[in-house]
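**Q** Sequence and predicted structure are below.
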Amino acid sequence: MPHSSGLYSDEELDNLLDWIDSRPELAHIRQAANSAVCNYQTNGVTSQERIIVNSPDTKLPTKSLLGRFVELVWVPGQNMRGKAYASQSSDASLESVAKLMSLSTLWDFVTTIPVLAFPLQLATGVFAIPVASGLSFLLLLASNISGENATNRSPGHRSKASASLLAFLLLSAAKTAVSGVGTDLVIGIRGIQQEYAARIVGQSLELDRKNLADKKNGLFSDPLLAEQMKACDENRRQLSRLARTDPGWQAAYLAEGGQYQDRIATLDQVRKKYGSPSNMPACLAVRVLTEDKNSSLAKPTLALQERQEASKSLPPLAFLKTYYPEQFSNAFIEGKNGDLSFRDGTLAVGEATSLFFSKLSQPSKVASLGFSLFTFGVSVTLTGAATIMLLLVSRNREICASFSPDLERKKSAYLGQYMKLKSHKKSR
């Protein structure tokens, strides 16, 4: 602390500064002292030689609009500390943390754009990517601001710093979760479409099989058929108990299946002779009813068999378009040049997310994720490292000191004292 040699003693100067600091109407004096532009010369011997207070007309260079924008994206290390204290080592540490945090949020910014753009396609059309980029940029700003606020753990701000660090972690985790999905939507969309089509094909074939089984059960639950089958079984049992020489055998034989000519006749011949199955011998009626019902099932059964065989040889998209055109058009839009896109962008994101995490949970399929696994891994690494570094640097004593209001007040007092002493020396 510099010493006065003339008009004021140190004690008197301290009292004067305290008095100025306590008077609300002298706030402009304190503000002027705090905003004084100084040069600090490290090779100076005395305090007057080390601290040179420039003219009040001296202005610090203002940052350009582009410079301010760049700082929003690429956060300077100085933005993560207070004004009360700084050192080269602490600033270097903050600069490295700020770079890591900025790199993490920039990486997530790029990989999040496709996830936001696909659901916006129907609503915004060609503006989907610009709008998605704007939304992703807002998320980047929110993450960077949270990261900056997470370093201020000075008294009274610890809860805010913890909440900011948690917000940074949650925002980054959400963007990290879809980073691989975003890559898949850009470079692997056709594979996603094929996988979705394969699932729809499987569901459609299963539904066809169920419908055919229900139709078969419905046909063969015919009360007349059940009645005739019961009568046929009873007649056969009665016939088996009679010998051919028995006088009742002939009647039982006719009741069971009709005459020999009826048994070898075609269905048309039998219908022509008897008319309705209710007029036929029991077992003959069962034969006619069964074959009629099987005939009505032949066409849908053959069609299902053809579809099942075709599903093994055709790609899912081509199969769906050929055999289930309505479901194909409900899910996809085909351009004039053959380009294919999901009709619903939200569906595309949902399918991509489900497919990505399904493969991620199966070791045998992890390798098939390719580049999307790389982008996801990088995002996880950057998010984890940035969060840990922010937590560690916020607990650094020098960073905590930089936010100290006590140090800020002392700094302002010393600067004001120095300016008064220098002014006094000039007036002598």
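**A** Received, thanks. Residues are numbered from 1 along each chain as shown.
**Q** Tell me where the stretch 301-428 of the chain has strands.
**A** In the stretch 301-428 of the chain, the strands defined using DSSP state E, counting those that start in this stretch lie at 332-334, 340-342.
**Q** Please report how far residue 109 lies from residue 214.
**A** Residue 109 sits 53 Å away from residue 214, taking C-beta to C-beta, to the nearest Å as the criterion. All C-beta atoms are positioned from the backbone trio N, CA, C, and that covers glycine.
**Q** So the two - more neighbours on which side?
**A** Taking neighbours as other C-beta atoms under 10 Å, residue 109 and residue 214 compare with residue 109 leading, 19 against 10.
**Q** Could you give the number of residues near residue 328?
**A** 19.
**Q** and what of residue 147?
**A** 30.
**Q** Next secondary structure element downstream of the strand or helix carrying it?
**A** Using DSSP states H and E, residue 147 sits in helix 128-149. Downstream of helix 128-149, the first helix or strand assigned by DSSP H and E is helix 158-177.
**Q** could you point out which element follows that next one?
**A** helix 179-187.
**Q** Looking at that next one now, give me its mean pLDDT.
**A** Mean pLDDT, helix 179-187: 91.
**Q** what angle sits between the helix or strand just after that helix and helix 179-187?
**A** Next helix or strand after helix 179-187 toward the C-terminus (DSSP H and E): helix 189-220. With axes from the mean of the first three to the mean of the last three C-alpha atoms, to 10 degrees as the basis, helix 189-220 and helix 179-187 are set at 90 degrees to each other.
**Q** who does helix 189-220 touch, helix- and strand-wise?
**A** Packing partners of helix 189-220 (3 or more C-beta pairs under 8 Å, 6 or more residues apart in numbering; DSSP states H and E): helix 179-187, helix 282-313, helix 316-323, helix 325-331, strand 340-342, helix 345-360.
**Q** Helix or strand next in line after that helix, which one?
**A** Helix 189-220 is succeeded, C-terminally, by helix 223-240 (DSSP H and E).
**Q** I'd like to know how many residues surround residue 193.
**A** 20.
**Q** Next, the contact list for it, please.
**A** Contacts here follow C-beta atoms under 8 Å, 6 or more residues apart in numbering; on that basis residue 193 touches 317, 332, 340, 342.
**Q** so which of these is the most crowded?
**A** residue 342 (23 neighbours).
**Q** Residue 328 is in contact with that one, correct?
**A** No: here residue 342 does not reach residue 328: they are 11.8 Å apart, not a contact under C-beta atoms under 8 Å.
**Q** what ranges of the chain fall below the confidence cut-off?
**A** Scanning the chain for pLDDT under 70 picks out the ranges 1-21, 23, 25-26, 28-62, 85, 404-428.
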